[in-house]
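Asker: no sequence on this one, just coordinates:
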């Protein structure tokens, strides 16, 4: 069911049922009369009936128990029932849709004795034909001589048209507000500063760009506050000009400086247009200020440029003539046939020919016979862009000079420049000869280095072979040859032979471009095997070995023979350094650990005397050695092997004694 009424004033009292909302029994007894008697009283006062029937608003009188005693025709339009059908009947009987609300109103008035006004009610006809109509009602108590409320006077005014007008006005105001919002959004986004003024020119709005530029607020700028942002030398003129336009209703335009928030002035082109209403009268003014500082500066620079153009052209011409005359490069202007039209003095300085001897001739008579095909005058004449080319021109003394050319076509002329490169050519020839000689020396040096490296690296495995062979012979020379020992010695000889082959191959690969990356290898296993090979030498030197190997290491792609030779060489050097140590334990400590994400780091530390600080930077140089019988190739080869695998080999001072060699090898890339 459609909601019957909208209360604009809070009704005192809680919501009650229809029976509880009725007046007390004593009040009903005093007020109630027979229905026929009510009609007689209504007819007894013709003046009252005339007022009710002719009133422009709806009128009714209710008893405390919400029974209609009087009602006029206008009020019956709310529910669509006749006057006769209302008299003597209750609101709940006639208009049950609003009965509960009416009963609460009556109860509140009976309790407080105060009127209630501004209650809106919609049409309540059954067919809903007047549902769009709205009445505003007022409820006033009727009191007897003792001040007791004996009834309620109801006044209802049809405000449908007013509500419609209010709705139209609200919609218009909303549309106007939305239009203003859109206007301000657009005005705040434009690149100019914008403002509006009333018809007298008093400013009443500025866009955000104006406020940001001037560092002011809208309150400061309203009215004629904008004048404080003007340059004092221009203010009087600007005010006079714009005021005349405001008074005459004419558009305005002017150029003047405005002060920014930092106190600096910038030039603006300012315009204002009158905004007229439908009657043609000026409603307001809309103005903009466009920053033209850069434009004015550019115009000023252009004016200055034009004023000095002639002098600059003359100066530039003189500079070009001077460059033409003092240039050490050969400059020439020729036609499309290659005939020289102009040459600079460098031709005389470089080739000995005067300008008179060159003009109106081509270069054919000067070219070396072998270089005539290199000259590309025809290509230039066809419009092609040339790169550098070289040829030889004959000197007046009969010799030839090498020239490097750059030429280009522009219209019907060819512009070319040549530089004498004879000395450069001679230097290139000498350099080429020197490189050939150096290459031969390098090949001889490489051969000698490789031979020395092979001799150095195979000394250990060859020594092991000789030692094992001697041991095997001794086992055979016994009265009862020990064949098992002989077999072990021969097995070691075979292993040392294979290791010798690997060493030779490893050294050879360092002097070639072969790929040194091998199969994935466990660094811990490599360390254990290398220490096992050096066990005899370690035991003979009374050296204690400690292995501190990480539990899990990533596999690294290395050449096993090469990397084993690196570790063995470092271990052997450590053994040699500790042979003369008597005041402390001879200790060799080898550690391994993961490096980076998938690499491995290995360190070899000894307790020897260490490396002299002055030799640290040279320890890895080829042919540098601190041993009386050393060749100086071991560590140089080791570093080459490690770096060939993408790693790094370095050395630091040991704590408290000796040296620590660090091998860092990356994992798979």
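Answerer: Happy to help now that I have it. In this text, all values refer to a predicted model and were calculated from it rather than measured experimentally.
Asker: Against residue 327, how distant is residue 145?
Answerer: 130 Å (CB to CB, to the nearest Å). (C-beta placed from N, C-alpha, C; glycine too.)
Asker: Looking at those two, which is more packed in?
Answerer: residue 327 (14 against 5; other CB atoms under 10 Å).
Asker: Can you give me every residue that contacts that one?
Answerer: Remark: with contacts taken as CB atoms under 8 Å, 6 or more residues apart in numbering, residue 327 is in contact with 344, 346.
Asker: Do you know the pLDDT at it?
Answerer: Looking at residue 327, its pLDDT stands at 88.
Asker: how far away is it from residue 349?
Answerer: Counting by CB to CB, the gap from residue 327 to residue 349 is 10 Å.
Asker: How about residue 288?
Answerer: 66 Å.
Asker: Those two: which is more packed in?
Answerer: residue 288 (20 against 11).
Asker: Secondary structure class of that one, three-state.
Answerer: Three-state call for residue 288 (DSSP: H, G, I helix; E, B strand; the rest coil): strand.
Asker: From what I see, it and residue 196 are in contact.
Answerer: No. Residue 288 lies out of contact with residue 196 (CB atoms under 8 Å); the separation is 10.6 Å.
Asker: how far is stretch 227-236 from where the chain is centred?
Answerer: The gap between where stretch 227-236 is centred and where its chain is centred comes out at 43 Å by CA atoms, centre = their mean, to the nearest Å.
Asker: And that stretch, what's buried?
Answerer: Buried residues in stretch 227-236, counted by 16 or more other CB atoms under 10 Å: 229-230.
Asker: That one spans what distance, first to last residue?
Answerer: The stretch stretch 227-236 measures 10 Å between its terminal residues, going by CA to CA, to the nearest Å.
Asker: Could you chop this protein up by domain?
Answerer: For the chain, whose domains are defined here by automatic domain parsing, the residue ranges read 5-158, 190-297, 312-420, 421-507, 515-665.
Asker: pLDDT (mean, whole number) over the last one?
Answerer: Just to be clear, that refers to domain 515-665. Averaging pLDDT residue by residue across domain 515-665 gives 85.
Asker: So what's the gap between it and the chain middle?
Answerer: Distance of domain 515-665 from its chain centroid, counting by CA atoms, centre = their mean, is 49 Å.
Asker: residues contacting the most centrally placed residue in the chain?
Answerer: Centroid-nearest residue in the chain: residue 189, 23.6 Å away (criterion: CA atoms, centre = their mean). Residue 189 is in contact with no residue at all, counting by CB under 8 Å, 6+ apart.
Asker: Quick check: phi and psi at it.
Answerer: Residue 189 adopts backbone torsions of phi -100, psi -10, taken as degrees, to the nearest 10.
Asker: distance of it from residue 183?
Answerer: When distances are taken as CB to CB, residue 189 and residue 183 turn out to be 11 Å apart.
Asker: just checking, next helix/strand downstream of the helix or strand containing residue 177?
Answerer: Secondary-structure element containing residue 177, defined by DSSP states H and E: helix 160-189. Once the chain leaves helix 160-189, the next helix or strand it forms, by DSSP H and E, is strand 193-197.
Asker: what does the average pLDDT come to for that following strand?
Answerer: For strand 193-197, the per-residue pLDDT averages 90.
Asker: who are the neighbours of that strand, in terms of helices and strands?
Answerer: On a contact count with 3 or more CB pairs under 8 Å, 6 or more residues apart in numbering; DSSP states H and E, strand 193-197 meets strand 203-206, helix 208-214, strand 282-291.
Asker: what does that strand contact?
Answerer: Judged by CB under 8 Å, 6+ apart, the contacts made with strand 193-197 from elsewhere in the structure are 187, 203-207, 209-210, 213, 221, 226, 246, 268, 272, 284-290.
Asker: and residue 553, how far is that from residue 564?
Answerer: When residue 553 is compared with residue 564 (using CB to CB), they lie 16 Å apart.
Asker: What of residue 423?
Answerer: Following CB to CB, the distance that separates residue 423 from residue 564 is 55 Å.
Asker: What ranges does the stretch 451-600 of the chain have for its helices?
Answerer: With helices called from DSSP state H, counting those that start in this stretch, the stretch 451-600 of the chain shows them at 483-510, 523-533, 535-540, 560-578.
Asker: and the third one, what does it pack onto?
Answerer: Meaning helix 535-540. helix 560-578.
Asker: Any buried residues in the helix it packs on, and which?
Answerer: Of the residues in helix 560-578, 561-578 count as buried by neighbour count, 16+ other CB under 10 Å.
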